[in-house]
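>>> next come a sequence and a model predicted from it.
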Amino acid sequence: MALAARARPDSVALIFQGRTYTWAEADREVAAFTDSLDVAAGDRVAVRAWNCPELAWLFFAASRRGAVFVPLNARLTSHELAPLLERLDARVSFGDLPGALSLSLRERLGVRASVASEVAAALFTSGTTGAAKLVELTHANFTASARANAERLGGEPTQRWLGTLPLFHVGGLAMLYRCALYGASIALEASFDAERACAAMDEGVTHVSLVPTMLERVLEVRGARPFTGVKAALIGGGPMTSSTLRRARAAGLPVLQTYGLTEACSQVTTEVPEEADGLTAGRPIPGVEVRITEPDEGGVGEIEVRGPTVAKGLGPWLKTKDLGSLDARGRLSVRSRRMDLILTGGENVYPAEVEAVLREYPGIRDVAVVARPDSEWGQVPVAVVVASEFEAAAVTAWVRERLAAYKIPRAWVLVDVLPRNATGKLDRLGLLKLI
């Protein structure tokens, strides 16, 4: 940030709820936080907050102190936070920002003498399928991710990113870091709102990063009026239907599908703009390698990642536990998480494949396919559906023309909305409770 403040002091750094901060102003805010942050090098600074400028200042202030920034999911209750804080051994803990600094943990535990940490941030994974895991991301991870993004999409200081992803998520934090590295700006939102997102894209935003459900809401709110200033719309966190892709491009959004995860500091693959067709999650970003291990007859196996973005202690090859395949051009298709794979009668069913087909059925607005134990087949697929109109026999007959019999859901569960976490990803544990 200090480099951006020196190089572009009067340029816009951050916009939030009508308030604009230049890079010089942002640097002063970070300096004030740094002066008031009573931590030693190597300490962990835990904070729970929705997006706000203070959260951004704290991230960079912790870095200047040589401390580790630990943003916690703002949706978690105190009961849920307690074991996470115990695991962190945090020296300073903030409640919701803006607010007073709580020194209770630090006073109880004392300050240890240490050297500045190479770790910039430690994030808990979303925990949609089990206990959350703490992932340590270094300054080198964030820098490599930002530079690779610049090679793929350009790193001009004139870029303005729409910050709807939460800063306690790697996608949001990596976006903030890359803007500081480029000297670009971020239009930060407290949380996602489709109407505000549309307004921001009319007011200078050039790059957006959304999950498919966010994109759907943006398109619904926008209607027929196209966007004219957006140069790239990154879509990750789940599959996107071909109809949504067509609508997005008709609305002037240059959609680029992407695949990433916390352990690889956000992006792993992203479509190359000149060959984007929405069929895959694209090629690996520059400097990152992807391989498929133990592929089946169809070329589907575990996705492994190697490169400078892989988190501390997880390399050299990061086992993602996600299943996918690479095409002849080196583009990645993601099928499912290994733990989401459905094994029925000895056959593999990839939820993403079935979901993609079902999303094309008229009236189905959202769907997730999960496994249910079965005494005869071991597991069978069950579909949890959000639909404006639905008749099980008709849908089953339609799907039978498009999928093998063993892939067809054996039961249908109708709901008003699918359970999702703060970043829009499906909550698989929540889904299992519905079936």
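Cool, the structure landed.
>>> residues touching the residue nearest the centre of the chain, list them.
The residue lying closest to the centre of the chain (CA atoms, centre = their mean) is Gly171, at 4.5 Å. Under the criterion of CB atoms under 8 Å, 6 or more residues apart in numbering, the contact list for Gly171 reads Leu165, Ser209, Gly236, Gly237, Gly260, Ser266, Thr423. The C-beta positions use only the backbone N, C-alpha and C, and glycine is treated the same way.
>>> next helix or strand past the host helix or strand of the fifth one?
Of the helices and strands defined by DSSP states H and E, Gly260 is found in strand 255-261. Beyond strand 255-261 on the C-terminal side, the first helix or strand identified by DSSP H and E is strand 266-270.
>>> return stretch 38-49 as PDB; C-alpha atoms alone will do.
Coordinates of the C-alpha atoms in stretch 38-49 are reproduced here as PDB (Å, rounded to 0.1, in the frame of the first residue of the first chain):
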ATOM      1  CA  ASP A  38      -0.300  -3.100  20.200                       C
ATOM      2  CA  VAL A  39       1.000  -6.400  18.900                       C
ATOM      3  CA  ALA A  40       4.400  -8.100  18.500                       C
ATOM      4  CA  ALA A  41       5.800  -9.400  15.300                       C
ATOM      5  CA  GLY A  42       4.400 -12.900  14.600                       C
ATOM      6  CA  ASP A  43       1.200 -12.400  16.700                       C
ATOM      7  CA  ARG A  44      -2.200 -13.200  15.300                       C
ATOM      8  CA  VAL A  45      -4.800 -10.500  15.000                       C
ATOM      9  CA  ALA A  46      -8.300 -12.000  14.900                       C
ATOM     10  CA  VAL A  47     -11.300 -10.000  13.700                       C
ATOM     11  CA  ARG A  48     -14.900 -10.700  12.900                       C
ATOM     12  CA  ALA A  49     -16.600  -8.100  10.700                       C
END
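>>> all helices for the chain, in order.
According to DSSP state H, the chain carries its helices in the segments 2-7, 23-36, 53-64, 78-88, 104-109, 139-153, 170-182, 194-201, 212-222, 242-250, 351-358, 392-400, 428-434.
>>> can you list these in TSV and add distance to Arg372 and mean pLDDT?
Output for these, formatted as TSV (distance: least, CB to CB, whole Å; pLDDT from 0 to 100):
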stretch	distance to Arg372	mean pLDDT
helix 2-7	52	89
helix 23-36	50	94
helix 53-64	40	94
helix 78-88	27	77
helix 104-109	43	30
helix 139-153	38	97
helix 170-182	31	97
helix 194-201	33	96
helix 212-222	24	91
helix 242-250	28	89
helix 351-358	12	89
helix 392-400	16	94
helix 428-434	8	85
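>>> so which of those helices is the most surrounded?
Neighbour counts averaged per stretch over the helices of the chain are highest for helix 170-182, at a mean of 25; criterion: mean count of other CB atoms under 10 Å.
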